[in-house]
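Engineer: quick one: sequence plus predicted model below, questions after.
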Amino acid sequence: METPQEAELLKKYNQLYLAIILRYKDYIEEKENLNVAELPKLILPTDQSVIAVSNRIKNAFSDYSFPNDYIEAAKLAYEYVKNEVSTVSLPIEFWLTPTDTIKSGAGDIFDQATLLCSMLIALGNVTAKVITVIKPNERRFIVYSEFLGKIVAFDMDKGFGGFDSIEKLLEGLSLSGEDVTAYEFNDKMYNDLV
């Protein structure tokens, strides 16, 4: 347990770090030059940190079998992300890798989505993808995968849902309108949805 003096010192360090980040915000964002078509670089199912967390989830089952245990394992992966990764929004545009998110135990909702997608692929479902929907006053991140002819989806804000088809999932996202941007990606692909 930290002492009041240690807590105060940590607070001062955090204030200094924030001042430095804000001073160099433009430079950092300029160098953080990943564009949306390169987002697959953030899905890292073979990363050692992702594999370690995914293996812990697999070990929750007596003998993990993808066909028998994937749905429950996917729910445990979602619970891990929601319970172990604090939602923190930085004052700059900065992409975190799944390893960064795991090690810090923090990230914004997008970082959480890329981590969950990486974990679902590490659990054996190579169809896992992140859908990003951007509307004028709303941003949604859904991680979904195909499983036994159905769609298993996790809305990063609303939780688990199942759909009969990808069309039904997309229909529920209301992607019509001229101010809507939507795309999906995983470690192998990127696709504009509108």
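Structural biologist: That came through fine.

Engineer: right, and the helix or strand after the longest strand anywhere in the chain?
Structural biologist: Longest strand of the chain, by residue count under DSSP state E: strand 138-147. Scanning forward in sequence from strand 138-147 by DSSP states H and E, the next helix or strand is strand 150-155.

Engineer: in its sheet, what does that following strand sit against?
Structural biologist: Note on strand 150-155: by DSSP bridges, its sheet partners are strand 138-147 (antiparallel), strand 159-163 (antiparallel).

Engineer: ranking those strands by burial, who's on top?
Structural biologist: strand 138-147 (a mean of 20; mean count of other C-beta atoms under 10 Å). From N, CA and C alone the C-beta is placed, and that goes for glycine too.

Engineer: ok, back up a step: so which of the strands paired with strand 150-155 gets nearest Lys82?
Structural biologist: When the strands paired with strand 150-155 are compared by C-beta to C-beta, strand 159-163 sits nearest Lys82, at 8.3 Å.

Engineer: neighbouring contacts of that closest one?
Structural biologist: Applying C-beta atoms under 8 Å, 6 or more residues apart in numbering, the contact partners of strand 159-163 are 75, 78, 150-155, 169, 172.

Engineer: per-residue confidence for Glu2?
Structural biologist: pLDDT, the model's per-residue confidence, is 84 for Glu2.

Engineer: hmm, Lys11 and it touching each other?
Structural biologist: No - judged on C-beta atoms under 8 Å, Glu2 makes no contact with Lys11 at a distance of 10.9 Å.

Engineer: can you map out the strands along this structure?
Structural biologist: 86-87, 106-107, 129-135, 138-147, 150-155, 159-163, 181-185, 190-192.

Engineer: looking at those strands, which is nearest to Lys58?
Structural biologist: Lys58 sits nearest to strand 138-147 of all the strands of the chain, at 15.9 Å, using C-beta to C-beta.

Engineer: relative to strand 181-185, how tilted is the closest one?
Structural biologist: Angle, strand 138-147 to strand 181-185, by axes from the mean of the first three to the mean of the last three C-alpha atoms, to 10 degrees: 30 degrees.

Engineer: mind putting the strands paired with strand 150-155 in TSV, distance to Leu44 and mean pLDDT included?
Structural biologist: Shown next, in TSV, are these (distance: least, C-beta to C-beta, whole Å; pLDDT from 0 to 100):
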stretch	distance to Leu44	mean pLDDT
strand 138-147	14	96
strand 159-163	23	94
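
Engineer: right, so of these, which gets closest to Cys117?
Structural biologist: Comparing these against Cys117 with C-beta to C-beta, the closest turns out to be strand 138-147 (4.9 Å).
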